[in-house]
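**Q** Dropping a prediction and its sequence here:
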Amino acid sequence: MFRGIIKNGIRNELLLKVEEISGQNVFNCYQCGNCSSGCPVVEYMDITPNQVLRLSQYGASEEILDSETIWVCSTCLQCSSRCPKGIDVARIMEAYRTINLRSGIGKINPRKIDVSAANDIPPILLVSAMRKLTG
Amino acid sequence: MNLPYYPGCTLKANASHFEDSAIKALEKLNCQLQEMKDWVCCGTVFSLSNDDLMLQLSSIRNLLRAEKQGLNELIVLCSMCYNTLKRSKDFITDDKEKLEKVNNFMYMEEVDYKGTVDIYHLLTILKDRITFETIQDKVKKPLNSLKLGAFYGCLLVRPKEYAIDDFEGPTIIEDLLSALGAESLDFAYKLECCGAYQTLTQKDVSLKRSYEIIRSASRAGCEAIVTSCPLCAYNLDFLQKEIDEEQVDFNKIPIFYFTELMSIALGAGWSSKWSELHFVDPEQLLRDKHLL
Ligand code: SF4
Ligand code: SF4
């Protein structure tokens, strides 16, 4: 667990990558918590959306890459529509997911999907889950 | 009125009653959906990463082909296709460099995509082009005494630049249902997420979300929920099997596409084939209200 501010390397490589993919500046966040209060799945997260921003500001992005949060996020865009600072928080969630997916870390192994069950699942569910959760 | 139409995958599979009922209802309004040729999956979700254009190709390929077929607009029924196609269009078309790269990727298509195809959700067409007044005038079987909850979910109203109505207080579905003679009841969770694609990996998330949405609608007095998203419809309808087993205070309620109700109200009727694609039986309620 992260315990303190890293003085050097706050804007580390990982954060620069997050900024590049998301187009968002995490330092705009002033921790009001609106994103987390509106998030429909916050109770299933290990780090709340506002904590994702805070840890990013501390240079502790590694911890977010390892979190459940980024996989539980359902991209409902509630956080983005409520942020008073205009931060598109869902893009930051996507950036962390994307960094994982690009290094082969994902949530779904397509080979392990039960094909007999897949027949009853609408294409919209299969495709959206695979697009968000597989590399 | 001819409406160039993009169906999307699920309207040809689990949600074929969405398409079928739309075609039937629109005929009663003298409108024909004209399906574009050679369409492919739009990708279902708009990619939020700035640096990967590959994830935009599925949407843009459809727009390119529509353009090639001489179409300058596409009408979409599925909330997710609507959102994905429209956002993708703006993301690529507003940036010359991205546009060029995407066209280079798609060189096998022979022509370049220029960005001239507009994307509309059918609800917007009903409201602005056909108008709810006209629809009201053509109602043959008013949905009297049916108490409905209009459910928007996420992608009809977020992000706000892409909302088909006020992003925090939309009424477009309610207004349509009122024109059809039904009573729309407001409920607290009408803009909430059903759990979306989490159903595949974290079903408990979707079960909880869908339960909360349905409970909120039921407590407001809704006898059924109305949607335009095949993923919301799947979660809200088919997850009721497990919700019903888990929750003691739960009563199942049917989930309709708005076009199914339009079909009934405009005199195009109901089809028993549609019922087969529902989990919670929609016919009992319709019979109780003398609509079948
Ligand atoms: S809503 Fe915006 S400003 Fe507030 S905590 Fe979340 S990201 Fe930070
Ligand atoms: S987009 Fe993700 S993080 Fe944001 S409110 Fe929705 S589920 Fe929560």
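**A** Yep, it's here. Ligands and ions are numbered 1, 2, ... in the order given.
**Q** Relative to B:Trp270, how far out is the residue lying closest to B:Ala220 once chain neighbours are set aside?
**A** Excluding the flanking residues, the one nearest B:Ala220 by Cβ to Cβ, 6 or more residues apart in numbering or on different chains is B:Phe187, at 3.9 Å. Every C-beta, even on glycine, is put in place using the N, C-alpha and C of the backbone. From B:Phe187 over to B:Trp270 the distance is 25 Å, taken as Cβ to Cβ, to the nearest Å.
**Q** Likewise for B:Ser49?
**A** B:Ser49 sits 43 Å away from B:Trp270, going by Cβ to Cβ.
**Q** Show me which helix runs longest in chain B.
**A** helix B:203-219 (DSSP state H).
**Q** repeat for chain A
**A** helix A:89-102.
**Q** what about the residue lying farthest from the centre of chain A, helix or strand, and which?
**A** Distance from the C-alpha centroid of chain A peaks at A:Ser116, with 30.6 Å (Cα atoms, centre = their mean). When elements are assigned from DSSP states H and E, A:Ser116 belongs to helix A:115-118.
**Q** How about the helix or strand just after that helix and chain B, touching?
**A** Stepping forward along the backbone from helix A:115-118, the first helix or strand reached (DSSP H and E) is helix A:123-133. Yes - Helix A:123-133 reaches chain B (Cβ under 8 Å from any Cβ of the partner chain) through A:Pro123, A:Ile124, A:Leu125, A:Leu126, A:Val127, A:Ser128, A:Ala129, A:Arg131, A:Lys132, A:Leu133.
**Q** tell me the contacts of the last one?
**A** Taking Cβ atoms under 8 Å, 6 or more residues apart in numbering or on different chains as the criterion, A:Leu133 is in contact with A:Trp71, A:Arg97, A:Leu101, A:Gly106, A:Lys107, A:Ile108, B:Tyr197, B:Leu200, B:Thr201.
**Q** Apart from its neighbours in sequence, what residue is nearest it?
**A** A:Lys107 (3.9 Å).
**Q** My read is that B:Asp118 contacts B:Val76, right?
**A** No - counting by Cβ atoms under 8 Å, B:Asp118 sits too far from B:Val76 to count as a contact (10.8 Å).
**Q** State the number of residues packed around residue 71.
**A** Since you didn't name a chain, this refers to chain A. Number of residues near A:Trp71 (other Cβ atoms under 10 Å in any protein chain shown) recorded here: 22.
**Q** meant chain B, my bad for not saying
**A** Applying other Cβ under 10 Å, we find 19 other residues in the vicinity of B:Leu71.
**Q** so who does it touch?
**A** Applying Cβ under 8 Å, 6+ apart, the residues contacting B:Leu71 are B:Pro4, B:Met36, B:Val117.
**Q** Could you identify which of these has the most neighbours?
**A** The contacts of B:Leu71, ranked by neighbours (other Cβ under 10 Å): first place B:Val117, 24 neighbours.
**Q** how near is that one to ligand 1?
**A** 34 Å (Cβ to the nearest ligand atom, to the nearest Å).
**Q** Equivalent analysis for B:Thr171, please.
**A** To ligand 1, B:Thr171 is 26 Å away according to Cβ to the nearest ligand atom.
**Q** Would you agree that residue is in contact with B:Asp165?
**A** Yes - counting by Cβ under 8 Å, B:Thr171 touches B:Asp165, with 6.6 Å between them.
**Q** Quick one: the helices in chain A, in order.
**A** Under DSSP H, chain A gives helices at A:13-22, A:34-38, A:49-57, A:61-65, A:69-72, A:78-82, A:89-102, A:115-118, A:123-133.
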